[in-house]
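K.L.:
predicted model follows, preceded by the sequence.
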Amino acid sequence: MHSDSIHISPLEHKFGCKVDLPKYCNNDPINLNDDDFKQLFEAVHKYLVVVIPGLEELAPKSQYLLTKRFDPSIPEPKAEGFAGYGHGKEFRHEQSVLRKDGTTVKSQPQVQILGQGVFEADEPGNENGEQISLTHPSHTSFHKSPLTEDQIKNEHKTRYYRWHIDSALYELSPPMVTTLLGIKVPPLTKTNTISYGDNEDPSKETTKEVAQGATCFVSGAEAFKRLSDEEKEFALNTTIEYAPHPYIFISPAKATADGLTMVSEGKELPFDKLPEWEQSKVKFLPMVWTNPVTKEHHLQIHGCCLFKLHTKLNGETTTLTLEQSREKVHSLMRPAIEPENVLAHGWNQGDLVIFFNRGVWHSVTGEFKGVNQGADEKRLMHQCNIASGADPKTIF
């Protein structure tokens, strides 16, 4: 119900909240006054995932301006087509694992169009004035040991596609927040069973029931709290070195069944086979980031894109290899994705989800019918996240 000020309702989960906008906004959060925006800003940092319903007509420009309002350090675009994140250079590169994950809104290049199915030029949500074809990411092309066709179609099983933080992880700093708008989504009548793939005995397999196509989140703060004292000391003193052009680096490799990292088989592209890169643009980020509002530590790792871990303890620095680094981060991250810790957002049409990208990890889930099949499973979403002006820090 609309009122004269913002209304925040915590979700029945360990984190997350629902926000109702005040009447004066006219269903556009960019119209929030300074006091109400401050409440929204603090809610995003406190609850980590904020859901604002009923915004299917939100304009791409408003979504961009709202996203940008969360981070005053974001630089203004300096060149035509500059998306402020690296979509053009990194994500749409023909070798990138993300190359099929959507297209850009022509009138607002900071906003990406994601989804499933073919949308004609005049369909609602298609801002580009031409036919677009969208493909929902499927673990079947990204995981080393995907589910079988029978498990997917008849048992309605799925996987976490890829647990990640939204970031180019090369040259550009991780965005502060991501906004994700469900413009057209299938009705919440179908469910999927997420298979963790960590046990050969089906009767002992870890699973979680979610709405079809749910976006899943875990709290980096809760992930850090679950670590042992020894693990916390390790995490607080470790820097993650990410690979140059990481989404291209990992393109020949395959992910683990839980989507936390990659399987080490030596299939990554050699550095001399990557597009031109500069050592000064390689990202070295702390393993733990500090929430600027709550001051909590968040374990923030992009397990698929890392290259090495550098740990400085007692005046000595230890560096782990790629394989060792993957094994280590998997051991730190795996407890956080236990079913009870995962917030699975099932999409209603018009949901705008704002999440603190520097405080959560998230993953796509679900399988949809092919782009030329199943009009009942078409989905169209607008996503916006913009590279920050500075890297995250850990404050002890």
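P.N.:
Nice, I can see it. Numbers count the residues shown, from 1 in each chain.
K.L.:
for Pro252, see how far away Trp277 is.
P.N.:
As for Trp277, its distance to Pro252 is 17 Å (criterion: C-beta to C-beta, to the nearest Å). (Glycine included, C-beta is placed from N, CA and C.)
K.L.:
oh, I was asking about Lys273
P.N.:
10 Å.
K.L.:
more neighbours: the two, which one.
P.N.:
Pro252 (14 against 11; other C-beta atoms under 10 Å).
K.L.:
hmm, the more buried one is touching Leu269, no?
P.N.:
Yes. Counting by C-beta atoms under 8 Å, Leu269 is a contact partner of Pro252 at 6.2 Å.
K.L.:
the closest residue to Ile6 other than its chain neighbours: what's it in contact with?
P.N.:
Distance criterion C-beta to C-beta, 6 or more residues apart in numbering; nearest residue to Ile6, sequence neighbours excluded, is Asp36 at 4.4 Å. By C-beta atoms under 8 Å, 6 or more residues apart in numbering, the residues touching Asp36 are Ser5, Ile6, Pro22.
K.L.:
repeat for Phe234
P.N.:
With C-beta under 8 Å, 6+ apart, Phe234 has these contacts: Thr311, Leu313.
K.L.:
quick one: Arg334 and Ile301, what's the gap?
P.N.:
Relative to Ile301, and taking C-beta to C-beta, Arg334 is found at 11 Å.
K.L.:
give me the secondary structure label for the residue nearest to Ile6.
P.N.:
At Asp36, secondary structure determined by DSSP: H, G, I helix; E, B strand; the rest coil is helix.
K.L.:
let me see the confidence value for it.
P.N.:
Asp36 is assigned 97 on the pLDDT scale.
K.L.:
Arg334 and Ile301 - which one has more neighbours?
P.N.:
Shown here are Arg334 and Ile301; by other C-beta under 10 Å, Ile301 has more neighbours (30 against 17).
K.L.:
mind listing what the more buried one touches?
P.N.:
Contacts of Ile301 by C-beta under 8 Å, 6+ apart are Ile165, Ile240, Met287, Val329, Leu332, Met333, Trp361.
K.L.:
and the residues you listed, which two are the farthest apart?
P.N.:
The distance between the two most remote of the contacts of Ile301 (C-beta to C-beta) is 14.5 Å, for Ile165 and Leu332.
K.L.:
what's the next secondary structure element after the helix or strand of the chain with the lowest mean pLDDT?
P.N.:
When each helix and strand of the chain is scored by mean pLDDT, DSSP states H and E, strand 103-104 comes last, with a mean of 87. Sequence order places strand 111-119 as the next helix or strand after strand 103-104, per DSSP states H and E.
K.L.:
list the buried residues for that next one?
P.N.:
Across strand 111-119, burial judged by 16 or more other C-beta atoms under 10 Å covers Val111, Gln112, Ile113, Leu114, Gly115, Gln116, Gly117, Phe119.
K.L.:
mind putting the residues you listed in CSV, distance to Cys216 included?
P.N.:
Below are the buried residues of strand 111-119 laid out as CSV (distance: C-beta to C-beta, whole Å):
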residue, distance to Cys216
Val111, 22
Gln112, 19
Ile113, 21
Leu114, 15
Gly115, 17
Gln116, 17
Gly117, 22
Phe119, 25
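K.L.:
looking at those, which is nearest Thr207?
P.N.:
Gln116 (23.4 Å).
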